[in-house]
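Colleague: with the input below, show me the fold.
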Amino acid sequence: MIKNEALYEKIVLCRDFAREPKDSWSARKKVKKIFRENQCAGFDTKIYEKILLNYAIVNPGNAVITAQSLFQDKIETRKETTFTNPQSPILICAVKNDLKRIQKSLEHHRKIGVENFIFIDNNSDDGTYEWLMEQDVNVLWTDAKYCSAARCAWLMQVFEKWGYDRWYLILDSDELFVYPDCETRKVNDLISYMEKNHKTRMLTFMLDMYAKYNLSEIDELSDWSLEDYRYFDSDTYRLSKNLHYYKVTGGPRDRVLGAENKDGITMIQNKYPLVYLKKGEIYRYHYVYPFYHNFDTECMGALLHYKFLPGDLKKYQKIASDGNYANGSQFYKDSMKQIQENPELNFWYQGTTEYRSSRDLEKINIIREIDW
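Modeller: Coordinates of the predicted model:
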């Protein structure tokens with residue numbers, strides 16, 4: 001690892017530009033045009049233009065969509081509460097029609113000490129929005145079309161309002177943030193550990209939780225509990241490194257459904273949910289840009305990932321049809337085809353492990369113990 005941060009970022013940008021010079025150049029021109037047409041946006045656009053011009057070299061397509069969404073997607077504040085502890089991290093979660101998961105998320109993260117919550121409701125119509133409005137949380141709302149690059153712009157708008165140079169915990173509605181001893185060591189203890197060891201980003205990965213049901217039967221279940229989904233793979237995840245971040249692959253979706261689609265693109269499981277965010281940084285699903293500090297920490301926790309609950313197969317059919325997720329929702333297309341063709345397909349295998357407490361995370365080969 002090169003010790004000079006600025007030099008490292010330049011080397012990475014040069015490498016990325018060499019891979020897709022035409023696309024990078026074209027994306028930079030489009031980003032410049034978008035910012036030129038939106039000079040009176042109500043906030044200082046210079047820092048965002050600079051970082052997105054660089055990001056256009058790393059990910060040309062997403063950079064353009066993010067720039068467009070930053071100005072086009074309107075995020076309305078529907079309910080604003082006063083944070084009881086401004087020093088605690090702010091949990092941000094974008095959600096659409098996911099009431100049961102979001103109820104569990106709020107309950108769990110309050111138990112581990114999170115006090116400040118911002119939910120971005122993406123035009124839910126299943127009661128999620130109404131329930132959130134009754135809770136002691138901040139509720140934002142948008143009817144903009146969701147995609148990962150647009151979500152990046154939504155987060156930028158949140159950061160702009162609530163501030164940089166502070167800790168955020170950024171999650172999806174189907175994720176519960178856990179780390180060894182989280183039952184007794186609160187999230188502020190974890191942040192104190194991070195700050196003591198000069199870490200600004202915490203590496204985790206999506207730990208897929210599953211039940212004993214066949215995948216084809218999931219949507220038919222009427223009597224079920226989230227506690228049924230207490231099993232996970234302890235020996236199928238792999239940790240590697242590239243120039244951008246630590247990469248985690250594997251898990252039951254890879255093992256059973258095959259995370260590599262026909263184009264050979266691997267589903268990435270790593271995330272950096274707990275981050276001390278500075279202005280000029282872009283928060284993406286699987287990394288933070290600039291990249292240098294993505295390597296400051298080992299994998300010390302996980303996101304319990306509830307991906308296959310009753311009702312999800314119908315949702316995934318729509319995602320596959322819409323094609324607005326990574327690689328045109330190819331993973332969802334391939335997964336649904338396999339589930340339909342193999343009615344007895346399930347995630348159960350001889351290495352299945354039961355999750356009883358956060359200490360069970362240490363059974364996973366890529367997770368490192370926290371030296372409290």
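Colleague: low-confidence stretches in the stretch 201-350 of the chain?
Modeller: In the predicted model, the stretch 201-350 of the chain carries pLDDT under 70 at residues 259-265.
Colleague: how deep is the residue lying closest to residue 244 once chain neighbours are set aside tucked in, by neighbour count?
Modeller: Setting aside the residues directly before and after it, residue 244 is nearest to residue 291 in space (CB to CB, 6 or more residues apart in numbering), at 5.0 Å. Every C-beta, even on glycine, is put in place using the N, C-alpha and C of the backbone. For residue 291, the neighbour count with other CB atoms under 10 Å is 18.
Colleague: what of residue 302?
Modeller: 30.
Colleague: shouldn't it be in contact with residue 208?
Modeller: No: no contact is recorded between residue 302 and residue 208 when judged using CB atoms under 8 Å, the distance being 10.0 Å.
Colleague: the stretch 201-350 of the chain: helices as residue ranges?
Modeller: 252, 312-322, 326-341 (DSSP state H, counting those that start in this stretch).
Colleague: paired strands for the following helix or strand past the last one, with orientation please.
Modeller: Moving toward the C-terminus from helix 326-341, the first helix or strand encountered (DSSP states H and E) is strand 352-354. Strand 352-354 has its sheet partners listed here by DSSP bridges as strand 231-233 (antiparallel).
Colleague: what strand or helix carries the closest residue to residue 49 other than its chain neighbours?
Modeller: Nearest residue to residue 49 in three dimensions, chain neighbours excluded: residue 35, at 4.3 Å (CB to CB, 6+ apart). Under the criterion of DSSP H and E, residue 35 resides in helix 21-36.
Colleague: residues in contact with that helix?
Modeller: Outside of helix 21-36, the residues within contact range by CB atoms under 8 Å, 6 or more residues apart in numbering are 16-17, 45, 48-49, 52-53, 56-57, 60-61, 63-64, 67-68, 71.
Colleague: distance between that helix and the chain's centre?
Modeller: When C-alpha coordinates are averaged (CA atoms, centre = their mean, to the nearest Å), helix 21-36 and its chain have centres 26 Å apart.
Colleague: which element follows it toward the C-terminus?
Modeller: Toward the C-terminal end, the helix or strand that comes next after helix 21-36 (DSSP H and E) is helix 46-58.
Colleague: coming back round to it: buried residues, the helix holding residue 35. List them.
Modeller: With burial defined by 16 or more other CB atoms under 10 Å, the residues of helix 21-36 counted as buried are 24, 27-28, 30-31, 34-35.
Colleague: of the residues you listed, closest to residue 337?
Modeller: Within the buried residues of helix 21-36, proximity to residue 337 (CB to CB) peaks at residue 27, which comes in at 32.5 Å.
Colleague: for residue 48, see how far away that closest one is.
Modeller: Per CB to CB, to the nearest Å, residue 27 is found 15 Å from residue 48.
Colleague: one step back: PyMOL command to pick out the buried ones of the contacts of helix 21-36?
Modeller: Those of the contacts of helix 21-36 that meet the burial criterion (16+ other CB under 10 Å) are gathered into one PyMOL selection, given here:
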select buried, resi 16+17+45+48+49+52+53+56+57+60+63+64+67+68+71
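Colleague: which one among the contacts of helix 21-36 gets closest to residue 243?
Modeller: Proximity to residue 243 was ranked across the contacts of helix 21-36 by CB to CB; first place goes to residue 16, at 8.2 Å.
Colleague: separation between the closest one and residue 47?
Modeller: Spatial separation of residue 16 from residue 47 under the definition CB to CB is 21 Å.
Colleague: what do you get for residue 329?
Modeller: In this structure, residue 329 lies at 32 Å from residue 47, with CB to CB as the measure.
Colleague: higher neighbour count, these two?
Modeller: residue 329 (19 against 13).
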